[in-house]
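Visitor: With the input below, show me the fold.
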Amino acid sequence: MPTQASQTDLAELDLTKGGDEVDPELLQLPDPPRKERRTTLLLMTAAAVCSAAMAVGLGRDAAYALGPASATDLGELSATPQTAFVGNAFVQGAGRLGGSGALRYERPFESDSYRVMPVSGRDDVWVEVRVPAGDESSRYVPQQTFSGRLVPFAEAGLRHRGLRSGIEDATGRQVPAKAWLIVDGQTPADARWAVGLVAMFAAFALWNIGAMLRLVRKVK
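Guide: Take a look at the predicted model:
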């Protein structure tokens, strides 16, 4: 008859033996879905990259919305030196707009039209003005005081993509590489929508990155 000590040794031996054996039911489980996992990681990577790109692309609009609410006075635009122009700033100025090189255009789903015209006496400063529906005619005379967003032509954003080439093709007038555009009427308050979108896209990118890290992390 085994003693108490020998019974304890046998119990420990059984436990060890049982711990080394593989449960047959585990062997019957399907392999981990590696292909689906890779596809999920690729989709999440693409979503994170696209979200980050959108957040960066809207960064200038958000920065303008968070900038000073009072406009910087540039004075008479025909005499304002190039050193006074600062990109993505809320400015105001005065000056006559020239008809030579002016371009009229419309945007989808908007009843108003737009005109972009150079400041008289120079070819490196242009102003976009919005013409209310019904006011557009051959006798239209633009105002001589402006207040809005100042941007280089090269950084004018999606709404003005292709504007420089459109002016050159339609009028034959060359727009200098370092020309500036004043978007009349566009205040920082009008760009507040960009702040919310930047926050949303940034949060979505961070969420996808965190989810990917959890997927690739080894389970202990």
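Visitor: Where do the domain boundaries of this structure fall?
Guide: 47-67+188-220, 70-186 (automatic domain parsing).
Visitor: okay if I get those domains as JSON lines plus distance to Arg34 and mean pLDDT?
Guide: No exception for glycine: its C-beta is placed from N, CA and C like everyone else's. Converted to JSON lines, these look like this (distance: least, C-beta to C-beta, whole Å; pLDDT from 0 to 100):
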{"stretch": "domain 47-67+188-220", "distance to Arg34": "12", "mean pLDDT": "91"}
{"stretch": "domain 70-186", "distance to Arg34": "40", "mean pLDDT": "88"}
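Visitor: Using a markdown table, lay out these together with mean neighbour count.
Guide: Listed next are the domains of the chain as a markdown table, based on neighbours: other C-beta atoms under 10 Å:
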| stretch | mean neighbour count |
| --- | --- |
| domain 47-67+188-220 | 15 |
| domain 70-186 | 16 |
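Visitor: Can I get those in CSV including distance to Arg38?
Guide: Formatted as CSV, these follow (distance: least, C-beta to C-beta, whole Å):
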stretch, distance to Arg38
domain 47-67+188-220, 10
domain 70-186, 34
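Visitor: Any idea which of these gets closest to Glu36?
Guide: domain 47-67+188-220 (11.0 Å; C-beta to C-beta).
Visitor: chain center to that closest one: distance?
Guide: 9 Å (C-alpha atoms, centre = their mean, to the nearest Å).
Visitor: Likewise for stretch 167-183?
Guide: That offset, for stretch 167-183, works out to 24 Å (C-alpha atoms, centre = their mean).
Visitor: 65 is where my numbering starts, stick with that
Guide: Will do, 65 is the new start, and the previous item becomes stretch 231-247.
Visitor: just the strands in the protein please.
Guide: All strands of the chain, identified by DSSP state E, fall at 136-140, 153-158, 167-170, 177-182, 189-195, 209-216, 244-248.
Visitor: Can you say which of these is nearest to Lys99?
Guide: Per C-beta to C-beta, nearest to Lys99 of the strands of the chain: strand 209-216, 47.0 Å.
Visitor: Now find how far off-centre that closest one is within its chain.
Guide: 21 Å.
Visitor: now stretch 233-251
Guide: The answer for stretch 233-251 is 22 Å, by C-alpha atoms, centre = their mean.
Visitor: quick one: the nearest residue to Glu192 once chain neighbours are set aside and Val195, what's the gap?
Guide: With sequence-adjacent residues excluded and distances taken as C-beta to C-beta, 6 or more residues apart in numbering, Glu192 is closest to Val180, at 4.5 Å. Distance of Val180 to Val195, computed by C-beta to C-beta, to the nearest Å: 11 Å.
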